[in-house]
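Asker: any chance you can model this:
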Amino acid sequence: MVHRSLLIRLTALLVIGAMATFGIWGCSDSNVTGPTTPDQNEAYLKSAANPNIRAVMAIQDRHTPALMADLDVVATATTVDEFGQPAILVLVTSERARGGVPVFIDDVRVITQITDRIVAMKGPPSGGDDVSHTALQTTPIQLGTSGSWRYDLANGYCCGGTLGSLIQVGGTKRILSNYHVFEADIVDGGNGRSATTGDPIVHPGLIDINCNAASGIDVATLVVTSSLPNNNVDCSSASIITGQVDPSGAILEVGTLSAQTVAAYVGQAVKKSGRTTGLTRSSVSGLNGTVSISYENECAGAVVFSKTFTGQIIIANRGSKFLAGGDSGSLMVEDLTTNPRAVGLLFAGSSQTAIANPINEVLSFLGATMVGN
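Answerer: From the prediction side, this is the model:
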């Protein structure tokens with residue numbers, strides 16, 4: 001999908017592959033000794049902490065190669081059905097493929113859903129939010145807003161996404177976003193330069209200021225960490241410039257966060273604040289997802305590598321009402337009014353499905369903690 005000032009840099013297709021291991025996401029918040037309240041009980045039963053969920057994940061993994069022989073089968077995951085029982089979720093792009101998916105696999109119910117192809121969520125603004133997430137803010141800015149690498153233009157286009165949240169790495173506070181938002185320019189190519197540590201991060205992103213960085217403000221400096229292609233997260237970060245970013249880590253329409261994280265579970269109510277769709281809410285629909293994404297070497301550049309992510313969180317996104325183009329880099333948190341905990345880092349989706357890296361994998365890669373109360 002091309003916008004006047006933006007070419008979506010990635011195309012993503014959920015694919016299926018055997019998973020070697022699966023960890024309990026957000027283990028610092030997991031209740032390994034058993035639930036003690038109704039809310040904890042629901043989270044336990046619908047998360048990877050539950051042995052029954054893990055057993056279905058293993059069945060899902062064993063059968064994914066056969067299911068993916070049909071190219072219109074674009075995803076599998078483990079979910080929970082309306083009776084509270086673990087089930088296998090299969091996403092397909094045609095009714096023909098839907099008809100070929102069995103109703104049960106190894107005595108486990110299979111739920112099949114129609115979706116379109118999965119793409120990275122970078123695109124034109126959709127509007128419709130009372131609070132603008134694309135407008136230039138007065139400093140210090142809140143996050144959940146438009147931003148980009150200052151030089152993210154090449155081949156006649158400029159690119160950008162969402163400045164997601166604030167993290168702490170050692171004694172430095174950094175803005176968290178995606179690799180493909182901050183540092184995917186890896187060749188001199190169409191703009192004569194590549195992303196380098198110390199480069200400015202600008203707000204709003206170039207896509208919202210007519211590709212003219214002088215119309216925005218520098219809010220942080222890039223720290224190149226090259227999460228891709230050799231790691232399981234699409235993330236990057238930038239050290240904040242003093243006075244330019246709210247040091248509390250406040251996010252537009254969300255407020256301040258908890259310093260703790262929480263594991264994803266099926267049915268979990270979540271929300272996010274992003275450049276394009278603003279504050280939106282949804283629920284987790286699957287665990288143990290696998291995503292294959294093709295990455296370009298700069299804005300509107302050539303595809304140079306593909307990366308398969310494992311253990312991803314799948315979120316309902318009917319009609320792109322939760323996540324849309326330009327929301328890449330948004331932080332997904334639990335849907336609480338005060339100090340919600342982080343769940344995942346959003347980076348891809350379709351008009352029916354959104355995808356997030358588990359937040360603890362992101363923080364572990366960066367050696368970071370969440371900034372919050």
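
Asker: A helix includes residue 207, no?
Answerer: Yes - assessed by DSSP: H, G, I helix; E, B strand; the rest coil, residue 207 belongs to a helix.

Asker: so how far is residue 330 from it?
Answerer: If you measure residue 207 against residue 330 using CB to CB, to the nearest Å, the figure is 15 Å. The C-beta positions use only the backbone N, C-alpha and C, and glycine is treated the same way.

Asker: who has more neighbours out of those two?
Answerer: Neighbour tally, residue 207 and residue 330, criterion other CB atoms under 10 Å: the higher count belongs to residue 330, 38 against 32.

Asker: the more buried one touches residue 146, doesn't it?
Answerer: No - between residue 330 and residue 146 there is no contact, the gap being 11.1 Å when judged by CB atoms under 8 Å.

Asker: overlap in contacts of the two?
Answerer: Residues touching both residue 330 and residue 146 by CB atoms under 8 Å, 6 or more residues apart in numbering: 162, 275.

Asker: number of residues surrounding residue 197?
Answerer: Neighbours of residue 197 using other CB under 10 Å come to 12.

Asker: not counting its neighbours along the chain, what's nearest it?
Answerer: residue 224 (4.6 Å; CB to CB, 6 or more residues apart in numbering).

Asker: ok, residue 321 next?
Answerer: Nearest to residue 321 is residue 280, by CB to CB, 6+ apart, at 6.2 Å.

Asker: partners of that neighbour in the sheet?
Answerer: Bridge pairing for residue 280 (DSSP bridges) gives the partners residue 272.

Asker: any idea how far it is from residue 305?
Answerer: 31 Å.

Asker: okay, the two: which has more neighbours?
Answerer: Using other CB under 10 Å as the criterion, residue 280 and residue 305 rank with residue 280 on top: 22 against 13.

Asker: for the stretch 1-150 of the chain, which segments count as strands?
Answerer: Secondary structure of the stretch 1-150 of the chain by DSSP state E, counting those that start in this stretch: the strands cover 2-3, 6-7, 11-14, 73-80, 86-92, 104-105, 108-114, 119-120, 145-149.

Asker: might you list the low-confidence residue ranges for the chain?
Answerer: Along the chain, the parts satisfying pLDDT under 70 run over 1-39, 121-129.

Asker: can you rerun that using 50?
Answerer: 1-36, 125-128 (pLDDT under 50).

Asker: which of the strands of the stretch 1-150 of the chain sits closest to residue 349?
Answerer: Residue 349 lies closest, by CB to CB, to one member of the strands of the stretch 1-150 of the chain: strand 119-120, at 7.3 Å.

Asker: any idea how far the closest one is from the chain center?
Answerer: 10 Å (CA atoms, centre = their mean, to the nearest Å).

Asker: the helix ranked longest in the chain vs strand 73-80, what angle?
Answerer: As assigned by DSSP state H, the longest helix anywhere in the chain is helix 51-67. Taking axes from the mean of the first three to the mean of the last three CA atoms, to 10 degrees, one finds that helix 51-67 is oriented at 170 degrees with respect to strand 73-80.

Asker: buried ones in helix 51-67?
Answerer: 53, 54, 56, 57, 59, 60, 61, 63, 64, 67 (16 or more other CB atoms under 10 Å).

Asker: and for stretch 311-319?
Answerer: 311, 312, 313, 314, 315, 316, 317.

Asker: what's the answer for stretch 244-261, then?
Answerer: For stretch 244-261, burial by neighbour count (16+ other CB under 10 Å) applies to 244-246, 248-258, 260-261.

Asker: next: stretch 86-103.
Answerer: So, applying 16+ other CB under 10 Å, buried residues of stretch 86-103: 86, 87, 88, 89, 90, 91, 92, 93, 97, 98, 101.

Asker: among the residues you listed, which pair sits farthest apart?
Answerer: 86 and 93, at 24.6 Å, using CB to CB across the buried residues of stretch 86-103.

Asker: spit out the contact partners of residue 304.
Answerer: 186, 295, 296, 297.

Asker: now with 10 Å?
Answerer: When contacts are counted by CB atoms under 10 Å, 6 or more residues apart in numbering, residue 304 is found next to 184, 186, 187, 229, 294, 295, 296, 297, 298.

Asker: with adjacent residues omitted, what lies nearest to the last one?
Answerer: Going back to what we said before, that points to residue 298. Excluding the flanking residues, the one nearest residue 298 by CB to CB, 6+ apart is residue 185, at 4.2 Å.

Asker: and the nearest residue to residue 335 once chain neighbours are set aside, what is it in contact with?
Answerer: Once flanking residues are discounted, residue 335 sits nearest to residue 269: 3.9 Å by CB to CB, 6+ apart. Contact partners of residue 269, counting by CB under 10 Å, 6+ apart, are 281, 282, 283, 284, 334, 335, 336, 340.
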